[in-house]
Every structure is written in structure tokens, then in C-alpha cells.
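J.: Here you go, sequence then predicted model.
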Amino acid sequence: MRTTASILHVDLDAMFAGVEQRDKPSLRGRPVIVGGIGGRGVVATASYEARAYGARSAMPVAEARRRCPPGTAYLTPRFPAYRRTSQVVMGLLAELSPLVEPVSIDEAYVDLAAGDHDLTVAGVTALAAGLKARIAAATGGVTGSVGAGTSKLVAKIGSDLHKPDGLTVVVPGTERDRMYPLPVTTLPGVGPATAERLRRSGVHTVADLAAVGPADLLDWFGQAHGTALFRLARADDNRPVVAERETKSVSAEETFSTDIADRSRLGTELDLLATQVGGRLRTAGLSGRTVTLKARYFDFTTITRSTTRTQPTDDPQVITQAARRLLADVDVTGGLRLLGVGVSGLTEFAQDDLLSLLDPAADRPAPAGDDSGGPEPAVSDTPAGPQWRTGQDVCHDEHGPGWVWGSGRGRVTVRFEGPRTAPGPVRTFAADDRRLRPAEPPDWTGPG
DNA sequence: TCTGGGGTCCTAGGACCC
DNA sequence: TCTGGGGTCCTAGGACCC
């Protein structure tokens, strides 16, 4: 357990709505709902003005419309704009420490112990206050709530304590005092099902949970979840801040505006989804062995059917064929509300692409030549490489499109395209790496 | 006007192998 | 006659997070 409050959790306040209010001054001070505005849409983010009327994330937009007054704005998400704002903030965090763990487009942990900082409570408080001011200035007024503590758990709870625009440093040694009065649902991993099971046993607060014996928790929740709850209730958390995580699966799904029972239409939708998945796999340089079909019925019951191939693939046609075979065994007579396609069991490269091993002109790298510590490319006879700017769009032969996260001392750190709502992997290159080149802004940079 | 879309992790049962 | 165990892989479903 750490003895200093050296982990920060940064959480941008109602970020999607905040970006919209920044870009459209007429929306400032008004309730704003960002989400799917079709018949089956849900709220992605409600501005604090809208929350005053009871609008919440994940609520059907239809319900939010009932609650919010006339004059409320209902907007479709503009992910490119949110991503740009996210990039700016992540860049600021990267200046604090090399160890930054993005959790999502609007949230990250920072390990200050990996930087050079005064880690006293006063020092961390001043640092966090300065960070908040820089975030607001650099984003044009989007605010962030910051928590600091001796663990990820405590930092996250801290950032939640005084939202929006909050700053909470949990003084080392006072973790349990701060946590015990809070509802158990404050703890990460305590969702509706866990909360209901705890409620039935009279457990409402973190203090209540800390009083439950380990045998009961294991009995109620099984090995993994029971053990986790026992530790979290005691503020016992030593999870490290991890800068980069391996992607485990890539998927795409669509909820139809009305249920579809026609097999040929479902087949067409499946092709579209498989093409998206295959394209994203290729961009990421990944391929996978298991193809999973997901189907949801009118009553929201959801089934999955999967098949595992001998060789990994990133080929949309192969994925489509596998998914179509799985769909053939699914009863669709009552219509499907949702269809999804996913690929898991991922490896770095398509191993069934034997030609790329033999053909030096193939556009895909051979497995032996990957980016981890391999030799640098041939020395360039052109002048020194470009000057990389934070936030600049770049392209890399192996990793596809990305943007500059930080640079200096002859190195440039690039975050590559990830799934739409989450940041992708981070790689560091020599600034003159010829595989790295400035990119035209991708097609999603247009307005709205 | 009921319930998005992208993920992660865990459990449990059966097949299969030694 | 009667029913070993452990490990791994695969499949399906569910809880949870943002």
C-alpha cells in the first residue's frame, strides 16, 4: 500500500454535453441531452442542467424527454469533437507522468510517483488545482473533477465526491473514514445485481460491507467477485496504473429502429457489421480465431453463438461467412431487435496470410518484424524528421492512423485509433522513424 | 415512444486428453 | 464392477463499466 496520495483520477464533467455547450454558446445554461435521438436511443450524457430534471446516462431518451422542460436540446453525439478534446486533456496528463492509464474518452488515471513531484498532501493538492485550471483553459471551458489518493479505488471515489469541477485529495490514512459512510454502490463492481443481493442482507453502506465475513461474500458472489468486494470494502487496492492494455475483442452491433424478421435483410446487416469489424481489425493489425454472433429479441433476451477457427482472420468475407452460418441456426421468426458480430481470440497478425511471409512487397509485416524492440528502419538520407506536435494526426504503416500524444528528446509517443469510445494503444517511436508520417486529417474531422 | 454501443472479466458445463 | 482427477479449450450467458 502506498503512503502518499500519488494516484490521480481525472474525470471530465458531463464531457459530451460540455463540448456541445462550449461549441454552441446558445446551449450554455440550458439542459442538454446527448444520445441516440431515434426511437430506441438512450442518453449518453446529460448536462448538469438536465440532471436537475432527473435525466441520467443510460436512460431512454424518450424518458428524458418526459422529464426535461421545453427548450432542452437533444443532440446526436459528435465523437470527433469529443476525441479532440480528449486528446488535449490526455496530452496535459502525459506532461505530468509517463504512466497514464486512459479508462475511456473522458477518464484517466495518472501515477504521479512515476513523475518528479512533491507528493505531500499540499503538493498534490496544488498540482491537481493547477491541472484543473490547465484543463479548463486548454479545452475552452470543459471542466474536470480530480481525485487523488493512495490507490486507484480511493482516487476514483475522490473524483466522484465533489462533482462537477471537484478536487478531492484523500489524505493517506483516512481512506476508510472517507469510504465507510458511502453507499456500497459507490464501489466499482457493485452494480444493480450485486447491490440488490447486498440489500437483501441489510448491507447498504461500505461500512456495512466491511462488517460482512469473507465466507458470506464468497458464498454470495463466488471466488473472484467475493474476494474483490472483501478487499475493496477495506480500501485494500494495489492495482497498478497500466499505460497500455491489450485488445481482447473487436465487435460491432446495431439496434434496428424496428425489429427485422427477414433473413435476407438480416444477412445484409450482418455483412455491414462484419465489414466494420474486419476493417477495424486490419487497422489495428489484429486478427482473431473466434467469431461471435449476437442476437437480441423483442423482449430483450439476448443470445450469442460462436465458432472458433483453426487460423485467425481479419477478412470481412471470412467473418461474414462464419456469422451467416451461425445466424442460420438462430430462430428469427419473431424478428430481431439487435444483431452484432464480434471477433476474439486475437493475435497480432493474420497468420493465414502466408503470402506476406514470402512476398517482400506484401503490405503487411511478417510476424518476426514487429515493433517491440526490433531494429530501427534504415537510416534516412533525408533531413531530420518532422517536428511532431501534440494532437497532430499521424499515420504509421503497421498501426494505422493515430495522433501525437507527446514528444521530446528524439522520441514521439503516438496513440493509435482504438474503438470509437475508447483510446487505442500507445507506442513510442524515434522522432525520425520513417514509418511514421503526418496524416491528412481522417474523414471524421469534418464538422459534425 | 423501455432499455445504445463498445468493451472486460467471470462462471459453469461439456469435450477431450493424459 | 463402476465410475479417478487434473488441466485446457470451447461455448453460452451474465454482471459490470464508460
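T.: Happy to help now that I have it. Numbering: from 1, shown residues only, chains lettered A, B, ... in the order given.
J.: Going by C-alpha atoms from here, please, whenever you check contacts or count neighbours.
T.: OK.
J.: how many other residues sit next to A:G123?
T.: Using other Cα atoms under 10 Å, A:G123 has 13 neighbouring residues.
J.: and what of A:G130?
T.: Using other Cα under 10 Å, A:G130 is surrounded by 11 other residues.
J.: For chain A, list the residues in contact with DNA strand C, please.
T.: Contact residues, chain A versus DNA strand C (Cα under 7 Å from any atom of the strand): A:103-107, A:187-195, A:290, A:301-308, A:421.
J.: If any of these are buried, give me the PyMOL selection for them.
T.: In PyMOL, this line selects whichever of the residues of chain A next to DNA strand C come out buried by 16 or more other Cα atoms under 10 Å:
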select buried, chain A and resi 103+105+106+107+187+194+195+290+305+306
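J.: So which of the residues of chain A next to DNA strand C are in helices?
T.: With DSSP state H as the criterion, helices contain A:192-195 from among the residues of chain A next to DNA strand C.
J.: Kindly indicate which of those residues lies nearest A:D329.
T.: Distance to A:D329 across those (Cα to Cα) is lowest for A:A193, with 31.1 Å.
J.: for the stretch 51-200 of chain A, what spans make up the strands?
T.: A:73-75, A:100-104, A:107-111, A:144-149, A:167-169 (DSSP state E, counting those that start in this stretch).
J.: any bit of the first one sitting next to DNA strand B?
T.: When you say that, I think you mean strand A:73-75. No - remark: strand A:73-75 sits outside contact range of DNA strand B, by Cα under 7 Å from any atom of the strand, the gap being at least 10.8 Å.
J.: What pairs with that strand, parallel or antiparallel?
T.: strand A:32-35 (parallel) (DSSP bridges).
J.: Distance from the strand it pairs with to the middle of the chain?
T.: On the basis of Cα atoms, centre = their mean, to the nearest Å, strand A:32-35 is displaced by 19 Å from the centre of the chain it belongs to.
J.: which is the next helix or strand following that strand?
T.: Once strand A:32-35 ends, the next helix or strand along the chain (criterion: DSSP states H and E) is strand A:43-46.
J.: what comes into contact with that next one?
T.: Strand A:43-46 has contacts (Cα atoms under 8 Å, 6 or more residues apart in numbering) with A:14-17, A:31-36, A:55-61, A:64.
J.: Tell me which ones among those also neighbour DNA strand B, please.
T.: Near DNA strand B, by the rule Cα under 7 Å from any atom of the strand, you find A:36, A:57-60 out of these.
J.: Give me the buried entries from the residues you listed.
T.: Among those, those classed as buried by neighbour count (16+ other Cα under 10 Å) are A:36, A:57, A:59-60.
J.: hang on, the earlier thing: of the contacts of strand A:43-46, select the buried ones using a PyMOL command.
T.: Buried members of these, defined by 16+ other Cα under 10 Å, are picked up in PyMOL with:
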select buried, chain A and resi 14+15+16+17+31+32+33+34+35+36+55+56+57+59+60+61+64
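J.: Give me the subset of the contacts of strand A:43-46 lying in helices.
T.: Using DSSP H, those in helices are A:15-17, A:61, A:64.
J.: Now compare the ones next to DNA strand B among the contacts of strand A:43-46 and name the two farthest from each other.
T.: Most distant of these, by Cα to Cα, are A:G36 and A:S57, 11.5 Å apart.
J.: I'd say A:L293 and A:S344 touch.
T.: No - assessed by Cα atoms under 8 Å, A:L293 is found out of contact with A:S344, at 11.4 Å.
J.: More neighbours: these two, which one.
T.: Between A:L293 and A:S344, A:L293 has the larger neighbour count (other Cα under 10 Å), namely 26 against 20.
J.: in the sheet, who's paired with the closest residue to A:A5 other than its chain neighbours?
T.: Using Cα to Cα, 6 or more residues apart in numbering and skipping residues adjacent in sequence, the residue nearest A:A5 is A:G149, 3.9 Å away. Counting by DSSP bridges, A:G149 is bridged to A:I7.
J.: Quick one: neighbours of A:G149, just the number.
T.: By other Cα under 10 Å, 30 other residues sit near A:G149.
J.: my read: it touches A:T3, true?
T.: No - applying Cα under 8 Å, one finds A:G149 not in contact with A:T3, separated by 9.2 Å.
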